[in-house]
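Peer 1: Sequence and predicted structure, then a few things I'm wondering about:
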Amino acid sequence: MAEKHGNLSINSENIFPIIKKWLYSDHDIFFRELVSNGCDAITKLKKLDMMGEYSLPEDYKGKIQIMVNPEAKTLKFIDNGVGMTADEVEEYINQIAFSGATDFIAKYKDKTNEDQIIGHFGLGFYSAFMVADEVHIDSLSWQEGAAPVHWECDGGTEFDMREGERAEVGTTVTLFLNEDVLEFCNEYKAREVIKKYCSFMPTEIYLSKENTTDTQTIDADEKLDTDTVVEEIKPEKEEDKLRYKIVKRPELLNETTPLWMKHPNECTREEYLEFYRKVFMDYKEPLFWIHLNMDYPFNLKGILYFPKINMEYESIEGVIKLYNNQVFIADNIKEVIPEFLMLLKGVIDCPDLPLNVSRSALQNDGFVKKISDYITKKVADKLSGMCKTEKEEYEKYWDDISPFIKYGCLRDDKFCEKMTDYILFKNLDGKYLTLPECLEVKKTDPDEAEDTAGDVDAKESKENDAAQGHEAKEDAQTEGGQKIENAGSVEDEAEDAAGAEVVDADGNVISAGAGDDAEEEEEDEEEKKEKVIYYVTDEKQQGQYISMFKAAKMDAVILTHNIDQPFISQLEAKNEGIKFQRIDADLTDTFRAKTNKKTAKELEAAAEAIGKVMKKVLKKDKITIKVEKLKNKKISSMITLSEESRRMQDMMKMYSMPGMDMGGFGKEGETLILNANHPLVQYVMDNAEGNNVNMICEQLYDLALLQHAPLEPEAMSKFVARTNDIMMLLTK
Ligand SMILES: Nc1ncnc2c1ncn2[C@@H]1O[C@H](COP(=O)(O)OP(=O)(O)OP(=O)(O)O)[C@@H](O)[C@H]1O
């Protein structure tokens, strides 16, 4: 062919400095582009063979060789694909590819934020100039009679083309590296980058050092025709084999059929685990995985692993690697993968993705949204399916996966809808219940429960027999025994007791609704509709309340994770009639002895009197003081903290700036409940002016506080000193 010197048809003065500067942050991407071109060329040649237009040699094996040469400061990409004729180089490299690169630059040169470009697809061949001062192409086309072509360009707008010397069909691209990026011709660096981008490309990729003197030793029977023997190693003992020292073989760096490309039925558990270890370098076994495999309406394959998350010690950071036809694009592209799934580890391969567009365009791409929705749906299907058919396994994983699922519910409405019935709640007995199971009504009779606790005297027990009979009948209909109580049902139950006369702890007949006005009944109706799920946030701190609940055969669920508060708030917002209440938020009727209206009035009056004394002694005006007749006579005092106030306080704490005074919000909604059934409280009621009343009041308050939260340091010192004083009294 005639030598040719030409001008590259572009308007820009020189696009290469722009390419170099602009793609600076991930300029290793040229590896991916040049290897991809080689892969494409091999695929094309195989297709020509299949179509009968070309005949591949018997022993043909498509492969890409990458050769580093630190001395010459070059990098070579050699493929045995279709190759190019001079005309094709003219068309594809001088015109199309160049104009492609120019368009690309023109489109994005004003975007200062490099992050806006996904993977820089579309830059192709010219990405070589990001790192090379000069690039050569040596190619021989598959076409019969084609002459080899040599093309070179030194990074300006001019190129030279002449007949080349390449003797085999295929292409060699040689990069003469810029002094700033010589690291790329270091074998180790090259391996790292190739592994990053090309680990799963569909053609074998070999790395070697040009003219290397490195050697390796092999058994004689392993020798290949391509090996260069440096030395024969004679066996020392007769029974040993003959060995050869050979020039180090090129190293195969990729896996051409990654696990996600196989059908799930063909993959073994060990293969999934092996793949996980290799790709994510995580030697902890994942909990389980989902193999995505779909061809319609779009092509998507992948494997998502649920890693074992230890929330207390590690921050959760997943990795989802995105591939396009086995070519790595990037990690964690949130436009394609729903954000909450970023906690997982996995690979997604979607050849249909439009990757040469900006991220903002991806966000608005309906197709990308569909992919994202599909992934979400698949994950929800897998989880709900597991909950339905492998409940035991699901329960086993629950503690690990629950923060992830709850986070998903908070972030994604559709996921939330699908998962709501498969969220598990661990109850006080360590059993896992679904939300519907939690809400199943357990018509508990407080008195029967109290009997079991052994804290009710015989009189009370007998008096409530009527209600118990009813309870037994109901219980038989309630599946699984102990359920979380339906607020409002307790009172109704007692009153419904088929005309039975219900008597309070003092022997007074309760009016059982006869005297109640219509308004009260309406309120009951309202209450009935609202289902309360009690919860515990700290099993140790709320231990006293847990004991009370257990004694009363009431249940609660354990919600100790940070994410639980926003999660339950969302559940409440989305499910009218469901209310979550911390175990110490209020005194439920279950714990109160039944009283008639007269006693209630008396207690109110007593509360007012004792309240004054208490407030004065404790120097707290905000505190609410109630006097109740608790069935458990061992409890003298307890604190409740209204759910709303507590949530508000928690929120304020969470958002408070350092140093912000929280005092204004402190303890609002706090109620001190004094048990009129306890002799100490009775003593205070009867002896408001008594000698030790102050001390008793303070002690009652501190004891109540202690069961609810740790004491502040100052309060603790006072408590200890006072307790000593009280013990001194015992010595007298
Ligand atoms: N190793 C190669 N063997 C044969 N043809 C090649 C080779 N490298 C490049 N080409 C030809 O040059 C053209 C332009 O390459 P370039 O990498 O710039 O863009 P592309 O591969 O078409 O698309 P992309 O921008 O997605 O990489 C290719 O389409 C191909 O026809």
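Peer 2: Happy to help now that I have it. Predicted, not measured: the structure shown is a model, and the values here were computed from it. Numbers count the residues shown, from 1 in each chain.
Peer 1: Show me the shaky parts of the stretch 51-200 of the chain.
Peer 2: Residue ranges of the stretch 51-200 of the chain with pLDDT under 70: 96-123, 156.
Peer 1: Please, where are all the helices along it?
Peer 2: 86-88, 98-108, 187-198 (DSSP state H, counting those that start in this stretch).
Peer 1: mind listing what's buried in stretch 405-416?
Peer 2: 405-410, 412, 415-416 (16 or more other CB atoms under 10 Å). Using the backbone N, CA and C atoms, a C-beta is placed for each residue, glycine as well.
Peer 1: measure that stretch end to end?
Peer 2: 9 Å (CA to CA, to the nearest Å).
Peer 1: For that stretch, give me every contacting residue.
Peer 2: 338-341, 343, 373, 376-377, 379-380, 383, 419-420, 423, 561, 563-564, 566-567, 570, 574 (CB atoms under 8 Å, 6 or more residues apart in numbering).
Peer 1: again, but for stretch 38-54
Peer 2: 55-56, 62-64, 77-83, 142, 169-171, 201-203, 327.
Peer 1: Stretch 275-282 now?
Peer 2: 199, 258-259, 283, 285-286, 289, 303, 305, 307, 319, 321, 345, 347.
Peer 1: Go again with 6 Å.
Peer 2: For stretch 275-282, contacts defined as CB atoms under 6 Å, 6 or more residues apart in numbering pick out 259, 286, 305, 345.
Peer 1: Return the distance of the residue of the stretch 401-550 of the chain found nearest the ligand relative to Ala380.
Peer 2: Nearest to the ligand in the stretch 401-550 of the chain, going by CB to the nearest ligand atom, is Asp412, at a distance of 32.4 Å. According to CB to CB, to the nearest Å, Asp412 and Ala380 sit 9 Å apart.
Peer 1: same thing with Leu182?
Peer 2: For Leu182 relative to Ala380 (CB to CB), the value is 50 Å.
Peer 1: And the two? Which one has more around it.
Peer 2: Neighbour count, other CB atoms under 10 Å: between Leu182 and Ala380, Ala380 has more, with 21 against 13.
Peer 1: check contacts around that one.
Peer 2: 415, 418-419.
Peer 1: Strands - which of the residues you listed land there?
Peer 2: Nothing among the contacts of Ala380 maps onto strands, per DSSP state E.
Peer 1: Bridged to Val347, which residues?
Peer 2: Val347 has these beta-bridge partners by DSSP bridges: Ile303, Lys321.
Peer 1: Point me to the residue of the stretch 151-300 of the chain nearest the ligand.
Peer 2: For the stretch 151-300 of the chain and the ligand, the shortest gap (CB to the nearest ligand atom) falls at Thr171, measuring 3.8 Å.
Peer 1: beta partners for that residue?
Peer 2: With DSSP bridges as the rule, Thr171 is bridged to Asp79, Ser139.
Peer 1: quick one: it and Ser141 touch, right?
Peer 2: No. The pair Thr171 / Ser141 is not scored as a contact, 9.2 Å apart, by CB atoms under 6 Å.
Peer 1: more neighbours, those two?
Peer 2: For Thr171 versus Ser141, the count of surrounding residues by other CB under 10 Å is larger for Thr171: 25 against 22.
Peer 1: For the more buried one, give me its contacts.
Peer 2: 79, 83, 139.
Peer 1: Domain parsing of the chain, as residue ranges.
Peer 2: If you go by the TED database, the domain ranges for the chain are 15-209, 215-247, 260-412, 423-443+530-584, 593-656+666-731.
Peer 1: And those domains: which comes nearest Glu3?
Peer 2: domain 15-209 (4.4 Å; CB to CB).
Peer 1: any idea which helix or strand comes after the longest helix along the chain?
Peer 2: Ranked by residue count under DSSP state H, the longest helix found in the chain is helix 366-389. Per DSSP states H and E, the first helix or strand lying C-terminal to helix 366-389 is helix 391-411.
Peer 1: tell me the angle of that following helix relative to helix 366-389?
Peer 2: If you take axes from the mean of the first three to the mean of the last three CA atoms, to 10 degrees, helix 391-411 sits at 150 degrees to helix 366-389.
Peer 1: average pLDDT for helix 391-411?
Peer 2: Averaging pLDDT along helix 391-411 gives 89.
Peer 1: and if you look at stretch 603-610?
Peer 2: On average, stretch 603-610 scores 82.
Peer 1: now the helices: where do they sit in the stretch 601-732 of the chain?
Peer 2: According to DSSP H, counting those that start in this stretch, the helices that the stretch 601-732 of the chain contains are 643-655, 679-686, 693-706, 713-731.
Peer 1: Tell me which of the ones you listed is the most buried.
Peer 2: helix 693-706 (a mean of 19; mean count of other CB atoms under 10 Å).
Peer 1: Let's test this: mean pLDDT of that one, rounded?
Peer 2: 90.
Peer 1: what's the angle between it and helix 679-686?
Peer 2: Interaxial angle, helix 693-706 versus helix 679-686 (the same axes, to 10 degrees): 140 degrees.
Peer 1: can you tell me the residue of the stretch 1-150 of the chain closest to the ligand?
Peer 2: Residue nearest to the ligand within the stretch 1-150 of the chain: Gly124 (2.3 Å; CB to the nearest ligand atom).
Peer 1: ok, that residue - how many residues close by?
Peer 2: Neighbours around Gly124, by other CB under 10 Å: 23.
Peer 1: Glu33 is in contact with that one, correct?
Peer 2: Yes. Using CB under 6 Å, Gly124 is in contact with Glu33, at 5.4 Å.
Peer 1: now the closest residue to Lys223 other than its chain neighbours: how far from Ile233?
Peer 2: If the residues on either side of it in the chain are set aside, Lys223 comes closest to Tyr244, at 5.9 Å by CB to CB, 6 or more residues apart in numbering. Distance, Tyr244 to Ile233, using CB to CB: 7 Å.
Peer 1: repeat for Phe30
Peer 2: The gap separating Phe30 from Ile233 is 41 Å, by CB to CB.
Peer 1: These two - which one has more neighbours?
Peer 2: More crowded of Phe30 and Ile233, by other CB under 10 Å: Phe30, with 30 against 15.
Peer 1: residues contacting that one?
Peer 2: Contacts of Phe30 (CB under 6 Å, 6+ apart): 127-128, 130-131.
Peer 1: residue ranges with poor pLDDT in the stretch 501-650 of the chain?
Peer 2: Residues of the stretch 501-650 of the chain that meet the criterion pLDDT under 70 lie in 501-529, 589-590.
Peer 1: Quick check: Ser636 touching Leu680?
Peer 2: Yes. Counting by CB under 6 Å, Ser636 touches Leu680, with 5.0 Å between them.
Peer 1: Just say helix, strand or coil for Glu572.
Peer 2: helix (DSSP: H, G, I helix; E, B strand; the rest coil).
Peer 1: Next, count neighbours for it.
Peer 2: Other residues close to Glu572 by other CB under 10 Å number 14.
Peer 1: Tell me how far it lies from Ser402.
Peer 2: Remark: distance between Glu572 and Ser402 (CB to CB) = 18 Å.
Peer 1: try Ala573
Peer 2: Using CB to CB, we find Ala573 at a distance of 19 Å from Ser402.
Peer 1: So which of those two has more stuff around it?
Peer 2: More crowded of Ala573 and Ser402, by other CB under 10 Å: Ser402, with 21 against 9.
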